[in-house]
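Novice: Build me a model:
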Amino acid sequence: MVTKSLPLAKAINEALRAALESDPKVLLMGEDIGKLGGVFRVTDGLQKDFGESRVMDSPLAESGIVGTAIGLALRGYRPVVEIQFDGFVFPAYDQIVTQLAKMHARSQGKVRLPVVIRIPYGGGIGAVEHHSESPEALFAHVAGLKIVSPSTPSDAYWMLRQAIQSDDPVIFFEPKRRYWDKGEVTVPDSGSAAGDAVPGELHKARVAREGTDLTLAAYGPMVKVCLQAAAAAEEEGRSIEVVDLRSVSPIDFDTVQASVEKTGRLVVVHEAPVFFGSGAEIAARITERCFYHLEAPVLRVGGYHAPYPPARLEEEYLPGLDRVLDAVDRSSAY
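Specialist: Coordinates of the predicted model:
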């Protein structure tokens, strides 16, 4: 095994490279992913090394990108497509919801569509309209889709490898504000089996920090904020447990339940608006499962129920350390 220190974006690049090397049926497709290497340079160098027939620059047509990927998957390929920004996915929403998510059930289990859709999502980069949205709940509501979001370079590498190997369609939400955060990634060398290094199941949550007084549950870009909140709370004598959900559909409720039964309190954090967000489903399920263990209502911290604001206002919109700590205080006051 080889351990490297990589930014999250480079970890994704190496995962794509490993997938292309190990399976000739893996193809990449998206706007500007080839010669340019993507707007975030996540696919940098891959077209040069694997050719234009496997790393393809597509037209600016998201519906066409996903529709083509569905056709390729029907012919036995494993396409990995990039939607350049979160807000650009909606022209492809019909293809994703009506075709990609339904084909397995429509064929009574005879047809699989192993398609991965990579979407850089969330705010924090000072971008313009339609470049900072968090639409994960819109897809998590659709049966037949798997929705995941890594928070660390290691998870970015291994979760993407697992998503590409999955026979189910996976929406892979990449927290773009974390692209340049570094972390250790252990990958197999030439003499090692990949399975020896896989840190865990694709849809399994992990406890990122142990604690006893309250549970913070988050995924993607908000895991780092929750870890910072836990460190700040420790200075005040509070022991906060942080659960990195990793998967939004399915959600590993068992891990969250085990944590809440220990701490008695839960705050769910995500960038997306709180209204009808994934935190609402988690709050409902954990209230049902842990009613007699809860010392306080489950609280949620997220974006506001409003269009994403201009860049100069996004720090007021995004849930940050102060809003998470305020929820911790309110929960602890019960």
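
Novice: For stretch 115-131, buried residues please.
Specialist: 115-124, 127, 131 (16 or more other CB atoms under 10 Å). Every C-beta, even on glycine, is put in place using the N, C-alpha and C of the backbone.

Novice: now those residues as TSV including distance to Arg75?
Specialist: Shown next, in TSV, are the buried residues of stretch 115-131 (distance: CB to CB, whole Å):
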residue	distance to Arg75
Val115	12
Val116	16
Ile117	18
Arg118	21
Ile119	24
Pro120	28
Tyr121	29
Gly122	34
Gly123	38
Gly124	39
Ala127	36
His131	33
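
Novice: From those, pick the one nearest Ala163.
Specialist: Closest approach to Ala163 among the buried residues of stretch 115-131 (CB to CB): Val116, at 4.9 Å.

Novice: Quick check: bridge partners of the closest one?
Specialist: Going by DSSP bridges, Val116 is paired in beta bridges with Val80, Val170.

Novice: quick one on the thing from earlier: out of the buried residues of stretch 115-131, the closest to Gly144 would be?
Specialist: Val115 (11.4 Å).

Novice: which residues are contacting the helix or strand where Val225 lies?
Specialist: Per DSSP states H and E: Val225 is located in helix 222-234. Identification of contacts with helix 222-234 by CB atoms under 8 Å, 6 or more residues apart in numbering yields 151-152, 178, 181, 208-209, 211, 214, 216, 218, 239-242, 244, 269-271, 319-321, 324-325, 328.

Novice: Can you list which of the residues you listed are found in helices?
Specialist: If you go by DSSP state H, those have 321, 324-325, 328 in helices.

Novice: List only buried entries from these.
Specialist: Judged by 16+ other CB under 10 Å, buried ones among the ones in helices among the contacts of helix 222-234: 324-325, 328.

Novice: I'd like the residues you listed written out as a markdown table, with distance to Ala284 added.
Specialist: Below are these laid out as a markdown table (distance: CB to CB, whole Å):
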| residue | distance to Ala284 |
| --- | --- |
| Val324 | 21 |
| Leu325 | 24 |
| Val328 | 21 |
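
Novice: thinking again about what came up before, any buried residues in the helix holding Val225, and which?
Specialist: Under 16+ other CB under 10 Å, the buried positions of helix 222-234 are 222-227, 229-230, 232-233.

Novice: between those, which is closest to Pro135?
Specialist: Nearest member of those to Pro135, counting by CB to CB, is Met222, at 15.4 Å.

Novice: and the end-to-end length of stretch 293-300?
Specialist: Distance between the boundary residues of stretch 293-300 (CA to CA, to the nearest Å) amounts to 18 Å.
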